[in-house]
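A.B. asks: Fold the following, please.
(2 chains)
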Number of protein chains: 2
Amino acid sequence: MRNKEKETILLGHGSGGRLTHELIRDVFLEKLANPVLGFLGDSGILPETEGRIAITTDSFVVSPLFFAGGDIGTLAVNGTVNDLAVSGAIPKYLSLGAIIEEGFPVADLKRIVSSIARSAEESGVIVVAGDTKVVERGKGDGLFLSMSGTGIMRNGYPPQRPPGPGDSVIVSGPVGDHGAVILASRAHLETADSFGSDCAAVTSLVQALFDEGIVPRFMRDPTRGGLAGVLCDLAQDTSAGVEVMEQHVPVKPEVETICNITGVDPLYLACEGRVVAVVDSSQSDRAVDVWKRSGAGDGAACIGKLTDNERGRVIIRTRYGGARHLMRLTSEILPRIC
Amino acid sequence: MRNKEKETILLGHGSGGRLTHELIRDVFLEKLANPVLGFLGDSGILPETEGRIAITTDSFVVSPLFFAGGDIGTLAVNGTVNDLAVSGAIPKYLSLGAIIEEGFPVADLKRIVSSIARSAEESGVIVVAGDTKVVERGKGDGLFLSMSGTGIMRNGYPPQRPPGPGDSVIVSGPVGDHGAVILASRAHLETADSFGSDCAAVTSLVQALFDEGIVPRFMRDPTRGGLAGVLCDLAQDTSAGVEVMEQHVPVKPEVETICNITGVDPLYLACEGRVVAVVDSSQSDRAVDVWKRSGAGDGAACIGKLTDNERGRVIIRTRYGGARHLMRLTSEILPRIC
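C.D. replies: Residues are numbered from 1 along each chain as shown, chains lettered A, B, ... in the order given. The predicted structure is shown next:
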């Protein structure tokens, strides 16, 4: 009995009783402990803060839980940190909910909690509240995580001048890596050991722009829906046209190969460590250069501009001189990407 | 196709594309819209705040989703609001994550989102961030919610003087209603129409104490693990003994009946709208009186005290003059109570 308890998650681990306390102590607090952290319905009480606060939340249902370049834990931390960073906030605090399926291996849970701890440390954030629930075998799928994040908004952000015609659209690196990794794993395609998800925090990329005095007029991380989804949102929100040069959009050869085999457009594949930004056209070369020098943005590029034409729509100029409208994804090409 | 889309949740509703946007607009924003709310990875940016911030998080996996006196939506809002309230915070902001199983009826989702909107309004909180994910049929169980809450701590709380021997333990009403409702529903027991979950916000109960100048030394809402779990935590955290008079613990006759039939002890059944507090013994009669007058605490009672004996343990004095130790629940008597 005791041995079994240590190996897989039991319904009793969700009772709020002794097993729950042991699970929290031995698996979660073991890796995540800090002076603020409250678990089991307790609140984490933050030190006094100044400024406007940004709050974001995400649920993570990625399948498989472990993939080349990361796991559901790294994805949850970086996904949440990135939502705050592109909103113009400095990420500070996370809260973590875990919905675990009965029978889930405790060793896997420990590995994922270690990833959460490591990713949080790399991003300078701490987990201040947590909760665990257990559902019966067959009523979940191993592990779902929910992660909320709290950050402090940068002064003067968002900027008064919204994005508009004439502005440049830049991206911090090749697109679609994360989506391609999940796609390859589902299709049982073999990929090079060196190729993995781009899953990472984008905080240093955002900071690098502000350090150079470049205040982006729009920032987003292109996750579900990919680059295409962000560009469609941009066109819709600004009522400007968005014109993108296909050959300027960076895509890794591995991603192109996976897309060619599976017939998927890389513009719709999720990234988990990239930023799309709109900057004044006079600053776009410098912004790309800053990103390239920062290390995290090796593959940065200016991919297009906002225009007065085709307002509210996205136009892709293909490498052969043609043009097509880029539409928002309607249905699902790849469920449970994050 | 269009008709089907309106009836049940499809995997495409989780794509981040057009269906996701429609789901968010027609189901979530329809009921929850406010000037701060960000969805789909956007952050909600709060107005300037002052003071210490408290953060809490919970996942909700209750089964069945609808029960006498509430549903998973009322439970999620009140559970989160209550965690903040008993931590001494004024609840302000919620963030909501939904993990929906493919095939879930859209009408049920709308009903639950309406409950969330109504409960939030009753508690004076707003939803500032949200996210939806869809998992394949058979990989979830209808709907799981995650809810995080942000509140502003009351000045001077927690109090300098921690709970200790001599203090009184009070409870704001009968215990075990929520657990008994779920238990009866699972056991297909018929109950009176008038009997339902106690699911409600406890903010007015907490406020009533502070309004009277009564600063509790400890507050908790006895959810998973029931009153017994809270008392065990109290004994452990304070290293005092906790002595409870069984006949003073309020239990509704319906709950006693359900417990007698099923062989479950009501002290272990979850409440979702009660507060257990520790107050100076000189204030306990007044505190109970304040609660009774407040409307939300009709059945309030002083149930015991902290002692120098049996330190770290909970003793129940039975109505027949005996005594027994109350232990923390080890395994699960009732999975997915919340």
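
A.B. asks: so what secondary structure elements neighbour the longest strand along chain A?
C.D. replies: Determined from DSSP state E, the single longest strand within chain A is strand A:89-101. With contacts taken as 3 or more C-beta pairs under 8 Å, 6 or more residues apart in numbering or on different chains; DSSP states H and E, strand A:89-101 sits against helix A:72-86, helix A:106-123, strand A:126-135, strand A:143-153, strand B:53-60, strand B:143-153. No exception for glycine: its C-beta is placed from N, CA and C like everyone else's.

A.B. asks: looking at the ones you listed, which is closest to A:Thr223?
C.D. replies: Proximity to A:Thr223 (C-beta to C-beta) singles out helix A:72-86 among these, at 6.7 Å.

A.B. asks: Flag every buried residue along the closest one.
C.D. replies: Buried residues in helix A:72-86, defined by neighbour count with 16 or more other C-beta atoms under 10 Å in any protein chain shown: A:72-86.

A.B. asks: do the same with stretch A:147-160
C.D. replies: The neighbour-count check on stretch A:147-160 (16+ other C-beta under 10 Å) flags A:147-154, A:157-158 as buried.

A.B. asks: Just give me the closest of those residues to chain B.
C.D. replies: A:Ser148 (3.8 Å; C-beta to the nearest C-beta).

A.B. asks: Next one: that closest one from A:Pro91, what distance?
C.D. replies: Distance of A:Ser148 to A:Pro91, given as C-beta to C-beta, to the nearest Å: 11 Å.

A.B. asks: Looking at the stretch 101-250 of chain A, which residue is nearest chain B?
C.D. replies: Chain B sits closest to A:Arg224 of the stretch 101-250 of chain A, with a gap of 2.9 Å, by C-beta to the nearest C-beta.

A.B. asks: isn't that residue right up against B:His13?
C.D. replies: No: taking contacts as C-beta atoms under 8 Å, A:Arg224 lies outside contact range of B:His13: 11.5 Å.

A.B. asks: Neighbours of A:Ala68, how many?
C.D. replies: 19 (other C-beta atoms under 10 Å in any protein chain shown).

A.B. asks: what's the answer for A:Arg161, then?
C.D. replies: A:Arg161: 10 surrounding residues under other C-beta under 10 Å.

A.B. asks: so who does it touch?
C.D. replies: Residues near A:Arg161 by C-beta atoms under 8 Å, 6 or more residues apart in numbering or on different chains: A:Arg217.

A.B. asks: does it sit in a helix, a strand or a coil?
C.D. replies: coil (DSSP: H, G, I helix; E, B strand; the rest coil).

A.B. asks: ok, it to A:Lys305 distance?
C.D. replies: Going from A:Arg161 to A:Lys305 by C-beta to C-beta gives 16 Å.

A.B. asks: Quick check: chain neighbours aside, which residue is closest to the residue of the stretch 101-250 of chain A closest to chain B?
C.D. replies: Nearest residue to A:Arg224, sequence neighbours excluded (C-beta to C-beta, 6 or more residues apart in numbering or on different chains): B:Gly16, at 2.9 Å.

A.B. asks: Show the contacting residues for the one you found.
C.D. replies: Going by C-beta under 8 Å, 6+ apart, the list of residues near B:Gly16 reads A:223-225, A:229, A:270, A:329, B:40.

A.B. asks: Most neighbours of all the residues you listed, which one?
C.D. replies: Going by other C-beta under 10 Å, A:Ala270 tops the contacts of B:Gly16 with 31 neighbours.

A.B. asks: ok, A:Gly149 - contacts?
C.D. replies: So A:Gly149 contacts A:55-57, A:80-81, A:83-84, A:91, A:93-95, A:125, B:43 (C-beta under 8 Å, 6+ apart).

A.B. asks: Near chain B, which residues of the stretch 201-338 of chain A are found?
C.D. replies: Residues of the stretch 201-338 of chain A that fall close to chain B, judged by C-beta under 8 Å from any C-beta of the partner chain: A:220-221, A:223-225, A:229, A:270, A:328-333, A:335-336.

A.B. asks: From the residues you listed, which land in strands?
C.D. replies: A:Arg220.

A.B. asks: Would you check how far apart A:Gly130 and A:Gly138 are?
C.D. replies: In this view, A:Gly130 and A:Gly138 are 25 Å apart by C-beta to C-beta.

A.B. asks: Which helix or strand in chain A has the lowest average pLDDT?
C.D. replies: Ranked by mean pLDDT, DSSP states H and E, the weakest helix or strand in chain A is helix A:2-7, scoring a mean of 59.

A.B. asks: C-terminal to the host helix or strand of A:Ile182, what's the next element?
C.D. replies: A:Ile182 belongs to helix A:177-186 when elements are defined using DSSP states H and E. Next along the chain after helix A:177-186, taking DSSP H and E as the criterion, comes helix A:203-211.

A.B. asks: and that following helix, what does it pack onto?
C.D. replies: Checking 3+ C-beta pairs under 8 Å, 6+ apart, helix A:203-211 ends up next to helix A:72-86, helix A:284-293.
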